[in-house]
Each structure stands twice: as C-alpha cells, then as structure tokens.
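Student: Model the structure of this input:
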Amino acid sequence: MMSRSKLFFCLAGATVSFYMVSATPAQWTQDGTLLYNTNQDSQVGIGTTSPISRLQVEGNYGANLLKIRNYLGQTKLTVSNNGYMGLGTWNPLEQLHVIGNSIISGYVGIGTTNPGQQLSVAGTIESIYGGFKFPDGSTQTTATLTGPQGPKGDTGDTGPQGSKGDTGDTGPQGSKGDTGDTGPQGAKGDTGDTGPQGPSGTSSWSDGTGNVTTDVNVGIGVSEPAYKLEVQGLIVGQFLPGEIILAISQYGGTREYNLTNVAEFRLGQGGTIRIDFTLIADTLNGATAYGQIYKDNLAVGILRSTTNSNTFTEDISGLSPGNSLQLRMSSTGGYYASYNDFALKIGAGPFCTYMSTYAPPAGF
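Tutor: Below is the predicted model of the structure:
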C-alpha cells in the first residue's frame, strides 16, 4: 500500500513542505548538515503533494521553480515557471540563458541530434560582427578573399536566352485626367423617420446680425433669475483680465475739497479684480480732480489726479467676501470733479462678484 510522508524544515526563515510517495513509509535521515532519504523508490515533491518522478517541482505563476545560490548569495542556477533555465542569472529570458563562460566536453549539435564534430550546425551560421577566426590565427570578415585580378579571358559564346524576368515595380501615378461627365441622377431615397419634437421656443429672443438679444432676465441652472444673467453653478472658460465687467457705476462726482465717497461696491466673493475709472476735472476753471480706491475705508489704490480727463486702471488683490470697494474723489477750488464708468472687471486670478452698489447722495 502506498503511503505519504510529510517533512517540514526551515530555509532562510520560511517553512518549506516536502512530500514523498513510496511503497513504504518515508525514511529521512539527518546527519549533521546532511538530510537524505534512504528509500531508493521514494519520489520527492516541492510545491505538489503527488509527485510522479524522483524530484518534481511546481510553482505559482511568476515564481521560479528552482533557484540555487552559493554562500555569497549569488544565483548560480535558476529554473523559471515557464521552463526557462538560467546559469548565473535569476531571471532567464530564453530556454537557456547563460551569463559567464561555459565549458562543454564532447560534441555539441545545433539543429541536429547526431553531431559529428565539436560543433555541428544544421542550418545557417550568422556572424553579426567580428567574422570567423581560423586555426592559423587569421580572422575572415567577408565570404570571399579577393586576390589580384588576372588577365581578361576570351569572350565566351552567347548563352541561350534566359527565362522572362519578374514584372518590374509599378511606375509613378500619372497626372489626374479630366473630370468625366456627370452621371444620371439616382432614384430618390425613402423619407427618413420624423425626429422627436424639440422644446417649446420663446419669443423673448431677437435674432440680429451676428447676435441674439433679449430684454428679460436669463437664468442658467435657476428657474427664476433675479438678475439680467444669473448662473447657478461653475462657469468654465478662458478669460483675460479685464475682459468681463462684474459691476459698473456709469457716472457721479463731487465738489468736496477732501476725498469723499462717490461710488461703492460690496463684494460677494474674494480674489483679485481689475478696476477702471475715468477722472474728469473742471478744465474751464483750471481745477484739479483727484481720485483713489479705498477698501473698507482704508486706501489701497494709487492717488490719481488730472487737470483734464484721464482713465486709470489698477488691480486690487487680497479681497474677501463682504469687503467694500469705494471710489473717493475731491476737487480744488470747490469746482465739480466727476467720473465715468467706475467698473470692476475680472482680474488676473480668482475674480470677485459684487452684492450691492452704493449711490452717492443727490447734489454731489
């Protein structure tokens, strides 16, 4: 009756199972550093519980079946799971992968099972570079060694005509010919299915030349917009600083000698904005008009002045939701100084939106 014995021992910190199938119970003997089986009919399995040969090794996909190293930890013999064998390498890339010099005693056959010389090759031998070295020490890199040219021989008789050669390659395509006459019109095809009905239109839009306009509030993502354009969600696009106006106060002014508020915006979002405004002085009376941007009643812009009419632009950054941006103005001699188009635009970074505007008291 067949019996199966199981032997466990530790190798490099891992427990390895060996199975042996024999006609009698397994007989393992340990003698110092030696471990052997005295039963000549034993079969040893590594990675399998039913070996059918003297030594049978099986492994998982991607693992090596057999690896032998020297005392320095250098791999000397490897058998991979795909059947490749490596000598001097742990990662054989072919059926036989050898790193280092090899000595073979006896005849070697390539393409033949019955070599008659030290190396017998049944097939073509290719030398990529270097050529072949002969016993006299010479190396030949070409198939024929050319000697000195002999005298020209007599012209031989003309031989019989050879067989017809292969057809040559097709020549280049010729130039395009004239367009042929138009063929008769084909029969009319079947009428296609009627597509689904589109959504109901609206009479609030007017088509112009290159534009579409409306005089009602437009909502994107919101059913009842409260502003001319109200968007609920992200707006994705490529905008340059100053391209989009977020808020604008078209005109105003003051006669005050000290800087005083003439327009104000309260921000609903932080970031950076670009501010434009046109400052206009009383030129008939030779007055000077001054203007400066304030944030929450603190000066953050450059103090601007003109004796005529000038437009000024500057970027204001570090803004937070709830901040107020004010345009403050003054004039000399009690004459009226005014502004046009005090505008908040998209800046170079995340841009601000406004919540409300401040209109100066009447009479300024």
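
Student: Output stretch 177-190 as CSV, nothing but the C-alphas.
Tutor: Output of stretch 177-190 as CSV, limited to C-alpha atoms (Å, rounded to 0.1, in the frame of the first residue of the first chain):
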residue,chain,number,x,y,z
GLY,A,177,-7.4,63.2,-66.0
ASP,A,178,-10.2,65.4,-67.0
THR,A,179,-13.4,65.1,-64.9
GLY,A,180,-15.9,62.8,-66.6
ASP,A,181,-19.5,63.7,-67.4
THR,A,182,-22.0,63.8,-64.6
GLY,A,183,-23.9,60.6,-64.4
PRO,A,184,-27.7,60.4,-64.3
GLN,A,185,-29.4,61.3,-61.0
GLY,A,186,-30.2,58.3,-58.9
ALA,A,187,-33.7,57.4,-57.6
LYS,A,188,-35.0,59.4,-54.6
GLY,A,189,-34.4,57.6,-51.4
ASP,A,190,-37.0,56.8,-48.8
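
Student: Next, the buried residues of it.
Tutor: Residues of stretch 177-190 include none that count as buried (16 or more other CB atoms under 10 Å). C-beta: built from backbone N, CA, C; applies to glycine.

Student: Kindly report the same for stretch 88-98.
Tutor: Using 16+ other CB under 10 Å as the test for burial, stretch 88-98 gives 88-89, 92, 97.

Student: For it, what does the pLDDT average out to?
Tutor: Mean pLDDT, computed over stretch 88-98, is 77.

Student: And the strands in the stretch 251-364 of the chain, which stretches?
Tutor: 260-267, 271-280, 289-295, 298-299, 304-306, 309-319, 324-331, 337-346, 354-358 (DSSP state E, counting those that start in this stretch).

Student: biggest separation within the buried residues of stretch 88-98, which pair?
Tutor: Largest separation among the buried residues of stretch 88-98 by CB to CB: 88 and 92, giving 9.8 Å.

Student: Residue 330: what's it in contact with?
Tutor: 254, 256-260, 289-290, 337 (CB atoms under 8 Å, 6 or more residues apart in numbering).

Student: the strands in the stretch 1-150 of the chain, which residues?
Tutor: Under DSSP E, counting those that start in this stretch, the stretch 1-150 of the chain gives strands at 3-11, 14-22, 28-31, 34-37, 43-46, 55-57, 64-69, 75-80, 85-87, 96-98, 108-110, 119-121, 132-133, 139-140.

Student: circling back to that earlier point, from the contacts of residue 330, pick the one nearest residue 183.
Tutor: residue 289 (78.3 Å).

Student: residues contacting the closest one?
Tutor: 279-282, 305-307, 329-331, 337-338.

Student: can you pull up the bridge partners for residue 108?
Tutor: residue 119 (DSSP bridges).

Student: how about it, what does it touch?
Tutor: Contacts of residue 108 by CB under 8 Å, 6+ apart are 115, 118-120.

Student: Go again with 10 Å.
Tutor: Applying CB atoms under 10 Å, 6 or more residues apart in numbering, we find residue 108 in contact with 115, 117-121.

Student: Buried ones from those, can you make that a ChimeraX selection?
Tutor: Listed next is the ChimeraX selection for buried residues among these, using 16+ other CB under 10 Å:
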select :115
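
Student: before we move on, back to that, any chance of the buried residues of stretch 88-98 in a markdown table, plus distance to residue 176?
Tutor: Shown next, in a markdown table, are those (distance: CB to CB, whole Å):
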| residue | distance to residue 176 |
| --- | --- |
| 88 | 65 |
| 89 | 61 |
| 92 | 59 |
| 97 | 58 |
